[in-house]
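1. have a look; sequence and predicted model below, questions after that.
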Amino acid sequence: MFEAFMGGPLPRAWNAEQSRDEFNKAVALASRADLVVLTAGELPAMSGETASQSSLSLPGRQQELMEAIAATGKPVVLVLINARPFPAIVEAWHPGIQGGNAIADLLFGDATPGGSCRLPGLAARGRFRFSMPTT
């Protein structure tokens with residue numbers, strides 16, 4: 001697969017049976033995982049001036065795969081690899097009184113998201129250890 005990213009020959013496409021089997025393997029593997037890092041997107045040849053697309057949808061069965069993995073109930077981190085916009089999700093939780101302004105700043109490009117995301121709920125379940133700074 002990496003050869004395709006580096007300009008080498010594309011791998012042969014799976015037949016319908018291989019595609020179904022690999023799809024089922026991916027969902028089964030995700031159901032056994034503590035956390036799923038799901039990578040989706042498109043090959044470089046699928047975007048750019050010479051590769052216009054008629055849809056913002058993910059190619060192939062990626063949307064279906066995301067939905068099937070999400071249905072496992074496991075936490076999912078989605079990594080999109082692409083060079084054109086896809087419909088996006090902004091996770092805002094309960095952002096507080098200035099949350100609307102902060103979200104608008106992000107959507108209009110007036111702010112750049114960054115920093116770290118600490119999730120105390122995960123630490124409480126023994127998954128991650130971290131210490132809170134004291135003042």
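-> Ah, there it is.

2. mean confidence for stretch 58-74?
-> In this model, stretch 58-74 carries a mean pLDDT of 93.

3. got the contact list for that stretch?
-> Contact with stretch 58-74 is made by 19, 23, 26-27, 30-31, 33-36, 38, 40-42, 46, 57, 76, 78, 86, as judged by Cβ atoms under 8 Å, 6 or more residues apart in numbering. (Glycine included, C-beta is placed from N, CA and C.)

4. let's see 6 Å
-> Residues outside stretch 58-74 that contact it (Cβ atoms under 6 Å, 6 or more residues apart in numbering): 27, 30-31, 33, 36, 38, 40, 42, 76.

5. how's the protein carved up into domains?
-> Following automatic domain parsing, the chain resolves into domains at 2-85, 90-135.

6. centroid residue for the chain?
-> Among the residues of the chain, the one closest to the centroid is Leu78, at 1.7 Å (Cα atoms, centre = their mean).
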